[in-house]
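Engineer: can't give you the sequence, but here's the structure:
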Ligand SMILES: O=P(O)(O)OC[C@@H](O)[C@@H](O)c1c[nH]c2ccccc12
């Protein structure tokens, strides 16, 4: 296992190399992403509030708290999470449980994710998909769009405010939602100032790996009214979901708890209930 403090730096160093490798395709990616966005917009993709399909799925969910089910094979903090890697069965289970949306790891080296899983899960489950990666360059958002993602994750901790605002605008211009991930007061302030509509509160500290659901209690009151709030990481009990619901959280994002169970559909239903 990698040491927690170096893991973020290592991931970012690897990502920077990967992004350099994308430069050769950058013109094609930008062109295709723009064309796909034009198609989406003429099909009525944008809601009056300036959000798109991913955010809307959370808002209109018939569940008291919507569920974003994650596809994550391994992680730096937990090692291998699901073995055997029955990716088709996972898709069938999430479809059967009618999850509201998906979060799919696109990061290959540290999470054993793959951009291919994004397009596969989009089709197989038929729900909006969040592109889970470490994004700091617009070309990565173009790539997410071309792979069929509905939303991208933007981690406040690794972005300065101007970059965060520019990436938010780039996502919006491609008819994609952006989930801005925050972990502390500084991140929350950055997200608010950049005008984030959709904010994910990560209970896990990305440098120490410590998980604390109390982070949501501290951060929710700092967000602008009308923010769609997602609680992320370390959620495994119906009591956790009830506690987060009382704070006004609109959705929970759950990875490991679902990924560790053979029957992911049953795992979803016992955490957040069936759709009635
Ligand atoms: O597996 P968990 O504890 O339910 O957590 C899911 C999700 O929040 C976590 O995978 C995550 C949150 N932010 C991230 C950023 C990158 C990679 C992964 C993540």
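Structural biologist: Okay, I see it. In this text the structure is predicted, and so the values were computed from the model without any measurement. Residues are numbered from 1 along each chain as shown.

Engineer: Show me the strands in the stretch 101-250 of the chain, by range?
Structural biologist: Using DSSP state E, counting those that start in this stretch, the strands of the stretch 101-250 of the chain run over 101-105, 129-132, 151-155, 177-182, 198-202, 228-232.

Engineer: can you put those in CSV and add mean pLDDT, distance to residue 62 and mean neighbour count?
Structural biologist: Bear in mind the C-beta positions are built from the backbone N, C-alpha and C, glycine included. Listed next are these as CSV, based on pLDDT from 0 to 100; distance: least, Cβ to Cβ, whole Å; neighbours: other Cβ atoms under 10 Å:
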stretch, mean pLDDT, distance to residue 62, mean neighbour count
strand 101-105, 98, 13, 27
strand 129-132, 98, 20, 29
strand 151-155, 98, 20, 25
strand 177-182, 98, 20, 27
strand 198-202, 98, 19, 26
strand 228-232, 98, 16, 25
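
Engineer: Of all these, which one is nearest the ligand?
Structural biologist: With respect to the ligand, and counting by Cβ to the nearest ligand atom, the nearest of the strands of the stretch 101-250 of the chain is strand 228-232 at 3.5 Å.

Engineer: packing partners for the closest one?
Structural biologist: helix 53-59, strand 198-202, strand 251-254 (3 or more Cβ pairs under 8 Å, 6 or more residues apart in numbering; DSSP states H and E).

Engineer: Please see if the shortest one touches the ligand.
Structural biologist: The one in question is strand 251-254. Yes. Contact of strand 251-254 with the ligand (Cβ under 6 Å from any ligand atom) involves 253-254.

Engineer: excluding its backbone neighbours, what's nearest whichever residue of the chain sits closest to the ligand?
Structural biologist: Nearest to the ligand, among the residues of the chain, is residue 255, at 2.8 Å (Cβ to the nearest ligand atom). Leaving out its chain neighbours, the residue that sits closest to residue 255 by Cβ to Cβ, 6 or more residues apart in numbering is residue 70, at 3.4 Å.
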